[in-house]
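In: Predicted model and sequence below, questions to follow.
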Amino acid sequence: MWEVCDTAPKIGSLIRADKATLLSGVRAGEIRDLLEQRGVLVFRGAGLSDAEQIEFTKTLGTFAHEKSEQRAGQEGEDHVYPITMDTAINPNADYLKGAFFWHIDGTMAQVPIRASILSARRLAAEGGDTEFCNTYAAWDDLPDDLKARCEGRQVIHSLWRSQLYHDPEPSYAKLQQWKSCGENTLPLVWTHQSGRKSLVLGNTAQQVVGMDVSDSEDLMIRLRDWATSPQFTYRHKWEMGDTVIWDNTGTMHRATWYAVDSDRLMHRTKLEGEEAFA
Ligand code: OGA
Ligand code: MN
């Protein structure tokens, strides 16, 4: 079984495929192409187990380990990573609160991960949808005068900036801890090897280089507001059995609010990056 239909004109496709087709890799090339064109692909009712999610991920590219695990020297075997607010399940859960705000995964790396894959394991009783926006389409449709203001601009990104969204008055010690997780300077407009361009924004975007704070916030918020407006976005309401994959190089995403004690649990795998920001 293989059926594809678009969820919105500028973002998202819903794919109905049986497990055997997904795991065989016969559609892998097609999935990669669709991913680049549509930004986010929903495999409704795929019903993948953890082992199957890992297997499916590997049909699409190189399996990527979590940076936090690499730092701790805990890579070990390939496994799924728990996305939860429960620190008993994920000791780094506090960092994941950044996901309530629009972001790109892995902006501290020069080569960001290609794609993230999420499967629902336990749903929140309330909230906990995931929203996506297409940053290629947002760039393409941006008015020319704004395009001219963006071209050639660089933006400083930092992990600590993303954490201030949910923890605005950290202790000094906590700030230093966040700072040890990195900073990166990235182009505001990413020209991909394909020639397509996308906007690079999100909760790690701290300041446009060469602009004062006020002008920098003005531009970045204006662009985020544009990129996340309805014509570029898709909101996924999770059902058990869903697996969703997003092109992390041409989209931003965020979780909509859910309670920290809601029990919500997602299992994530990632595809290693294939192209540096440029
Ligand atoms: C992620 C993420 C959003 C969500 O896993 O990278 O941002 O809805 N998840 O859990
Ligand atoms: Mn994320």
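Out: Happy to help now that I have it. All values reported here derive from a predicted model rather than from experimental measurement. Ligands and ions are numbered 1, 2, ... in the order given.
In: Which neighbouring residues are in contact with residue 93, exactly?
Out: 84-87 (Cβ atoms under 8 Å, 6 or more residues apart in numbering). Glycine gets a C-beta too; all of them are placed from N, C-alpha and C.
In: Can you name the residues of the stretch 101-250 of the chain that neighbour ligand 1?
Out: Taking Cβ under 6 Å from any ligand atom as the contact definition, the stretch 101-250 of the chain meets ligand 1 at 105, 116, 118, 130.
In: do that again at 8 Å, thanks
Out: 103, 105, 116, 118, 128-130 (Cβ under 8 Å from any ligand atom).
In: Dump stretch 14-28 to CSV, keeping only the CA atoms.
Out: This file holds the C-alpha atoms of stretch 14-28, laid out as CSV (Å, rounded to 0.1, in the frame of the first residue of the first chain):
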residue,chain,number,x,y,z
LEU,A,14,0.0,12.3,4.5
ILE,A,15,1.3,8.9,3.5
ARG,A,16,-0.6,5.7,3.9
ALA,A,17,1.9,2.9,3.7
ASP,A,18,2.1,-0.6,5.2
LYS,A,19,5.0,-1.4,7.5
ALA,A,20,6.6,-3.8,5.1
THR,A,21,6.9,-1.1,2.4
LEU,A,22,8.4,1.4,4.8
LEU,A,23,11.0,-1.1,6.2
SER,A,24,11.9,-2.5,2.8
GLY,A,25,13.4,0.8,1.7
VAL,A,26,11.8,0.4,-1.8
ARG,A,27,10.2,3.9,-1.4
ALA,A,28,13.2,5.5,0.4
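In: So what touches that stretch?
Out: With Cβ under 8 Å, 6+ apart, stretch 14-28 has contacts from 1-7, 31, 34, 41-48, 52, 55-56, 59-60.
In: quick one: it to chain centroid distance?
Out: 22 Å (Cα atoms, centre = their mean, to the nearest Å).
In: Check which residues of it are buried.
Out: 14-15, 17, 19, 22-23, 27 (16 or more other Cβ atoms under 10 Å).
In: so of those, which ones are in strands?
Out: Counting by DSSP state E, the part of the buried residues of stretch 14-28 found in strands is 14-15, 17.
In: ok, so of those residues, who is nearest residue 235?
Out: The closest of those to residue 235 turns out to be residue 14 (Cβ to Cβ; 13.0 Å).
In: out of all of them, which helix in the chain is the longest?
Out: If you go by DSSP state H, the chain has its longest helix at helix 213-227.
In: Backbone dihedrals for the closest residue to ligand 2 within the chain, please?
Out: Closest approach between the chain and ligand 2, counting by Cβ to the ion: residue 105, at 4.4 Å. The phi and psi values for residue 105, taken as degrees, to the nearest 10, are phi -80, psi 130.
In: Also residue 231?
Out: Dihedral angles (degrees, to the nearest 10) for residue 231: phi -70, psi -20.
In: you'd agree it is up against residue 134?
Out: No: using Cβ atoms under 8 Å, residue 231 is not in contact with residue 134; the gap is 9.1 Å.
In: Neighbour count: the two, which is higher?
Out: The residue with more neighbours, out of residue 231 and residue 134, is residue 134; 30 against 14, by other Cβ atoms under 10 Å.
In: Make sure that one is actually in contact with residue 249.
Out: No: contact criterion Cβ under 8 Å: residue 134 and residue 249 do not qualify, at 11.4 Å.
In: returning to what we had before: quick one: average pLDDT of the longest helix of the chain?
Out: Helix 213-227 shows a mean pLDDT of 98.
In: That one packs against which elements?
Out: For helix 213-227, the elements it packs on are helix 135-140, helix 144-150, strand 205-208, judged by 3 or more Cβ pairs under 8 Å, 6 or more residues apart in numbering; DSSP states H and E.
In: Name the residues of the first one that come out as buried.
Out: Applying a neighbour-count criterion of 16+ other Cβ under 10 Å, one finds 135-139 buried in helix 135-140.
In: returning to what we had before: give me the number of residues near the residue of the chain closest to ligand 2?
Out: Neighbours of residue 105 (other Cβ under 10 Å): 24.
In: counting contacts, what elements does the helix or strand containing residue 268 pack onto?
Out: Per DSSP states H and E, residue 268 falls inside strand 265-271. Under the contact criterion of 3+ Cβ pairs under 8 Å, 6+ apart, strand 265-271 touches helix 50-60, strand 63-64, strand 81-83, strand 115-122.
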